[in-house]
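> Quick one: sequence plus predicted model below, questions after.
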Amino acid sequence: MKTNKECIYSFSNASFTLRVIQHLRNKYQSHLESVVVINLIDRWLVKICLKNSTSNYLENNLQAFLSEMGVSSQPSATIIHALASLEGGESPTVVMNRYQVVIVAHGQPETEEIEIFRDQIVDRLGYCPQNMT
């Protein structure tokens, strides 16, 4: 993780993303500054910002867990700008419209946000794409 206690990981499907969010809520809730969940066509991105007071031990444990579930990611310039706009206080709707990205959750996400999003996509498509499994 970077020295400012944030990281971005990529996950192949909704199940892994849900596990990560549940793990964050169960083990790291008091250490979370914010979490952003973005759905891309072929994967999910999760940006995690930890409070500066989080110990290196907890940070390393989290990084190990995230590495088991997905891969550290360096997103595109568009995603970086979108994330910066969110951090700057712009609403997710404005950011989604400006940068054409799908922000599924921002702040302190609940697994329900991801599940609702996944169910809506599957219902609209009439089948379940691999990244929604």
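Cool, the structure landed. Model, not experiment: these values are computed from the prediction. Residues are numbered from 1 along each chain as shown.
> From Asn26, how far out is the spatially most central residue of the chain?
Ranked by distance to the mean C-alpha position of the chain (Cα atoms, centre = their mean), the top residue is Val46 at 2.1 Å. As judged by Cβ to Cβ, to the nearest Å, Val46 and Asn26 stand 15 Å apart. C-beta: built from backbone N, CA, C; applies to glycine.
> ok, now Ala82?
28 Å.
> ranges for the strands of this protein?
6-11, 32-39, 44-50, 71-72, 102-107 (DSSP state E).
> Can you say which of the ones you listed is nearest to Val122?
Taking Cβ to Cβ, strand 32-39 is the member of the strands of the chain nearest to Val122, at 12.6 Å.
> Adjacent strands (with direction) for the closest one?
Its sheet considered, strand 32-39 pairs with strand 44-50 (antiparallel), strand 102-107 (antiparallel) by DSSP bridges.
> And for the last one, what's in contact with it?
By Cβ atoms under 8 Å, 6 or more residues apart in numbering, the surrounding residues in contact with strand 102-107 are 21, 34-40, 44, 82, 86, 92, 95-96, 113-114, 117.
> No more questions from me, cheers.
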